[in-house]
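J.: take a look and give me a structure for this.
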Amino acid sequence: MRTYKFQLKPNKSQKEKLQKTFDMCRFTYNKLLEYMNNQEKIDKYENQHYILELKKEYPELKNVHSKVLQYENYRLFSNLKSLVQSKKKGRKVGRLRFKGEKWFKTIMYNQSGFKLIERVKRYNILRLSKIGDVKIRQHRNIEGKIKGIIIKKKVDTWEAHIITDGAYTIDSGNNTIGIDMGVLTFITTSNNEKVDNPLYMNKSLLKLQKLHKKISKTKKGSKNRKKVCQQLQKLWEHIDNQKKDFFHKTTTWLVNNSKFIGVEGLNIKSMASNKKNKYYNHRNILDSSWGMFLQMLKFKAESADIKYVEVDPKNTSKMCSDCKSIKPMPTNIRTYICKCGLHLDRDYNAAINILNKALGVVCTSVGVGTVVPSMNQEAMSFRA
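T.: Take a look at the predicted model:
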């Protein structure tokens, strides 16, 4: 599946209908959750059949396309499945919660209830059942057959995420690389290529603090408070868009130049909560959003038929990439100097170790055995 994101331009009447649809879907979700909680034995199909009874009791639900309401039952049981899986992993979980207005931002047109109409003018038309013909800014062509459309409510705009069966294609290169993740230097590759970390949240920190101060001085429920909260939400949305743009450009560059990628399997939650690590600012670790970046990189690598391998990050910074000896490496020491004569930037040394580990995992899995490190000769040339 491939998803295209476009901006919607609904008029005032259509905005009211969209908002009403969101409210009805949230109401349906909460009613289905209440009904499920009262079941002796949870039955997904019985729960879905309950929507017909809700329509008889609440006729206004007939103003929402049937597939859109049915999707709320699918959403409910998907949330339940995620909750069960989290519990199996040993995490503390509670019960599913009822959705408040601020926590409901998407609806789904699945299989039917929509039609995309192309026009010669600036905007195309997205015909949504029970809503009408909404202008859509379609800035690129869509490949494949449309399978569904997600309507997403942003701070003061609307988006359509069009899901198709078209394959995502991206060109690959010829390099074999390992990637070390960092804070100041976002990534360092085993080819000694570095990408600085933009830290977008850190750059907007003063603006965030000022808006939070403004909110604290306003009265709860007032129009001024609502106005400042909207400004804060728009700023967070801007920061999120900046990150995604940076991640897309960086991952595309990596995939376009690689045929094999080895990365660290990081425990980001543990790193962010480790108060003993005084070198890294924990806010900057969260600002780096390594998890989102690696997820995006993995998707693009698999789409380009590139081998993507995650390895245990243990000792990748402490191990010499030449003689394999291990020495303590506090985070404030940025150069790796080994007794064997190796003299390397610590992130570059770690990237080489990550690549060798990844190659070793692949060779072991196919029965070849542990690979001989291919980066030793390059590392030797950097000896002091």
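J.: geometric centre of the chain: which residue is closest?
T.: Met292 (4.4 Å; C-alpha atoms, centre = their mean).
J.: what residues are up against that residue?
T.: Met292 is in contact with Lys243, Lys244, Phe247, counting by C-beta atoms under 8 Å, 6 or more residues apart in numbering. (Each C-beta comes from the backbone N, C-alpha and C, glycine too.)
J.: the same query, at a cut-off of 10 Å, please.
T.: By C-beta atoms under 10 Å, 6 or more residues apart in numbering, the residues touching Met292 are Asp240, Lys243, Lys244, Phe247.
J.: return the residues in contact with the first one.
T.: Okay, so that is Asp240. Contacts of Asp240 (C-beta under 10 Å, 6+ apart): Tyr200, Met201, Ser289, Met292.
J.: let me have those residues in TSV, extended by pLDDT.
T.: Shown next, in TSV, are those (pLDDT from 0 to 100):
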residue	pLDDT
Tyr200	93
Met201	92
Ser289	90
Met292	93
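J.: quick one: which of those residues is nearest Gly148?
T.: Of all these, Met292 has the smallest distance to Gly148: 23.2 Å, by C-beta to C-beta.
J.: please give the element, helix or strand, for that closest one.
T.: Element membership for Met292, per DSSP states H and E: helix 290-303.
J.: run the chain-centre distance for that helix.
T.: Distance of helix 290-303 from the chain centroid (C-alpha atoms, centre = their mean, to the nearest Å) equals 9 Å.
J.: what does stretch 187-201 give?
T.: 19 Å.
J.: repeat that for stretch 309-329.
T.: 29 Å.
J.: what about it, average pLDDT?
T.: Stretch 309-329 comes out with an average pLDDT of 88.
J.: how about stretch 333-347?
T.: pLDDT averaged over stretch 333-347 gives 87.
J.: if we can go back for a sec, can you name the element that comes right after the helix holding Met292?
T.: Following helix 290-303 in sequence, per DSSP H and E, is strand 307-311.
J.: what is the orientation angle of that next one with helix 290-303?
T.: 150 degrees (axes from the mean of the first three to the mean of the last three C-alpha atoms, to 10 degrees).
J.: strand 307-311 pairs with which strands, parallel or anti?
T.: strand 258-264 (parallel) (DSSP bridges).
J.: roughly how far is the next helix-or-strand element following the strand it pairs with from the heart of the chain?
T.: Per DSSP H and E, the first helix or strand lying C-terminal to strand 258-264 is helix 268-273. The chain centroid and the centroid of helix 268-273 are separated by 17 Å, computed with C-alpha atoms, centre = their mean.
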